[in-house]
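1. Below are the sequence and a predicted model; questions follow.
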Amino acid sequence: MSDPLLNIPPERFSSLLKIGLRLTAERDLDRLLGTIIEETTSVMDADRSSLFLIDVERGEMWAKIAQGVEVVEIRFPVGVGVAGTVGRTGEIVNIPDAYADRRFNPEFDRKTGYRTKSILCAPLRNTCGEIIGAIQVLNKRAGTFGSEDETLLAALSSHAAVAIENADLYRRLSALNLSLERKVEERTKELSAANERLSALNRKLAEISITDALTKVYNRRYFTERLLQEVKRVSRYGPTVSLLMIDIDLFKKVNDTWGHQAGDTVLSGVAGLIKGRLRATDLIARYGGEEFCLLATGTDQAGAQVLAERVRALVQNAVFEHGGTAIAVTVSIGVSTWEPSLGEDPEELVRRADTALYRAKEQGRNRVCA
């Protein structure tokens, strides 16, 4: 049996091939549907074309038809009307007189103001052979639609169905990609925010781990690490470092007289007072109980004694308020300064400062010894 397409005139066959290439290249579904209608009307020498798609979930045929500047949407059940019949049976329908055929639905003409005379309608089948819609041409300009037109429209509908399927797949893949990109972007932002919160928490934890909870200055563990680093540094590169051991005089009396909460107020007050007067390179830590250590980098013994005297006078002139009571205290300070004979031994620096502090206590408190 010969191929019916071979009976189509060369010029119409050539037009069919060009249309197929144009439809295959289009990826935008809305533009594609418009192109199908436009090309079908031209190649079929028809007055108007319509393209109907099947809404599987609703069991309806639908189409958007342009009437001037207004877009009219038509919906009807599969099986109703000419296009609905083709959508259900999958058979080409050729009607020379529309109003003489009971399958014709005049609703189309009523909504568009058009007068349908002849109709040729072919099914749209996807690559799996499933009917996805119908393409319909109306009112052939010269006479009625013949067998050659049926063959041409069937071939054109095959090209159109494949192009629609590809465009729809492309649209769904594009939407999926966009959705995935947005989700990745959202997850990336969430992860970035979570990392920032985690970093902030880690910084906070790190700060807490080296900070005395009561006085908010460094704790003894951190002071010991920094002292070792500083002694190693000055033993290799110089110039020097000094250590001040600071002890609040008669602190037990504060606790016994006004209570431990008052003692905490004094401890926090003394620590804050000293911390507020230090250079950025200096470090103060709570060594234990009422005792503090002050590490003065790049400070020789003479400079350390001047610093210690300033700290002593600062505390002596301060008053700490607790529960409406003004509490005054003094401090004794022992000073030691690194010298080459100490090498990299931080314990000896601490021992010398502690010895000097003990001497300051023996000599009457509220004084500096080095």
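-> Sure, I can see it.
2. which residues in the stretch 251-370 of the chain form strands?
-> 283-288, 291-297, 320-322, 325-327, 331-337, 368-369 (DSSP state E, counting those that start in this stretch).
3. so can I have CSV of those strands showing mean pLDDT?
-> Below are the strands of the stretch 251-370 of the chain laid out as CSV (pLDDT from 0 to 100):
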stretch, mean pLDDT
strand 283-288, 95
strand 291-297, 96
strand 320-322, 94
strand 325-327, 94
strand 331-337, 97
strand 368-369, 96
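4. which of those strands is buried the deepest?
-> Greatest average neighbour count among the strands of the stretch 251-370 of the chain goes to strand 331-337 (a mean of 26), per mean count of other CB atoms under 10 Å. Where C-beta positions appear, they are placed from N, C-alpha and C, glycine not excepted.
5. partners of it, with directions?
-> strand 241-248 (antiparallel), strand 368-369 (parallel) (DSSP bridges).
6. Identify all contacting residues around the last one.
-> Strand 368-369 is contacted by residues 305, 308-309, 312, 332-335, 356-357, 359-360, 363 when judged by CB atoms under 8 Å, 6 or more residues apart in numbering.
7. so which of the strands paired with strand 331-337 is the most packed in?
-> strand 241-248 (a mean of 25).
8. Figure out how far that one is from the centre of its chain.
-> Between the centre of strand 241-248 and the centre of its chain there are 50 Å (CA atoms, centre = their mean, to the nearest Å).
9. what's the average pLDDT for it?
-> Averaged over strand 241-248, pLDDT sits at 97.
10. In stretch 44-55, which residues are buried?
-> Residues of stretch 44-55 classed as buried: 44, 46-47, 49-54 (neighbour count, 16 or more other CB atoms under 10 Å).
11. Spatially nearest residue to T281 (excluding sequence neighbours)?
-> For T281, ignoring the flanking residues on the chain, the nearest one in space by CB to CB, 6 or more residues apart in numbering is T297 at 4.7 Å.
12. Return the residues in contact with the one you found.
-> 230, 241, 281-283.
13. which residues of the stretch 1-150 of the chain score low on pLDDT?
-> Applying pLDDT under 70 to the stretch 1-150 of the chain flags the ranges 1-13, 15-17, 20-21, 65-72.
14. ok, back up a step: could you export the strands paired with strand 331-337 as a markdown table, including distance to I210?
-> Listed next are the strands paired with strand 331-337 as a markdown table, based on distance: least, CB to CB, whole Å:
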| stretch | distance to I210 |
| --- | --- |
| strand 241-248 | 18 |
| strand 368-369 | 28 |
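15. looking at these, which is closest to E26?
-> Nearest to E26 among those is strand 241-248; the distance by CB to CB comes to 78.4 Å.
16. how big is the angle separating that closest one from strand 291-297?
-> 160 degrees (axes from the mean of the first three to the mean of the last three CA atoms, to 10 degrees).
17. so strand 241-248 versus strand 283-288, what angle?
-> Going by the same axes, to 10 degrees, strand 241-248 makes 50 degrees with strand 283-288.
18. re earlier: for the residue nearest to T281, name its beta-bridge partners.
-> V241.
19. Going forward, the N-terminal residue is numbered 31.
-> All right, first residue 31 from here; so that's T327.
20. Please report how far it lies from A334.
-> 11 Å (CB to CB, to the nearest Å).
21. same thing with A315?
-> Separation of A315 from A334 (CB to CB) stands at 16 Å.
22. Following the chain onward from the lengthiest helix in the chain, which element is next?
-> Using DSSP state H to define each element, the chain has its longest helix at helix 177-239. Per DSSP states H and E, the first helix or strand lying C-terminal to helix 177-239 is helix 250-267.
23. what's that next one packed up against?
-> strand 271-278, strand 313-318, strand 321-327, helix 376-392 (3 or more CB pairs under 8 Å, 6 or more residues apart in numbering; DSSP states H and E).
24. where in the stretch 181-330 of the chain is pLDDT low?
-> In the stretch 181-330 of the chain, no residues with pLDDT under 70.
25. gap between stretch 309-317 and the chain center?
-> Using CA atoms, centre = their mean, the offset of stretch 309-317 from its chain centre is 41 Å.
26. can you check stretch 271-280 too?
-> 51 Å.
27. With stretch 274-292 instead?
-> The answer for stretch 274-292 is 53 Å, by CA atoms, centre = their mean.
28. That stretch: end-to-end distance?
-> End-to-end distance of stretch 274-292 (CA to CA, to the nearest Å): 25 Å.
29. Give the buried residues for that stretch.
-> For stretch 274-292, by 16+ other CB under 10 Å, it's 274-279, 281, 284, 288, 292.
30. measure stretch 83-94 end to end?
-> By CA to CA, one end of stretch 83-94 lies 10 Å from the other end.
31. Likewise for stretch 278-293?
-> So stretch 278-293: terminal residues 10 Å apart, CA to CA.
32. how far out from the middle of the chain is that stretch?
-> With CA atoms, centre = their mean, you get 54 Å for stretch 278-293.
33. would you list every one of the helices in the stretch 31-180 of the chain?
-> 40-55, 59-73, 111-119, 137-142, 177-239 (DSSP state H, counting those that start in this stretch).
34. where's the one residue sitting closest to the centre of the chain relative to A230, distance?
-> Geometric centre of the chain, nearest residue: K219, 1.8 Å, by CA atoms, centre = their mean. According to CB to CB, K219 and A230 sit 16 Å apart.
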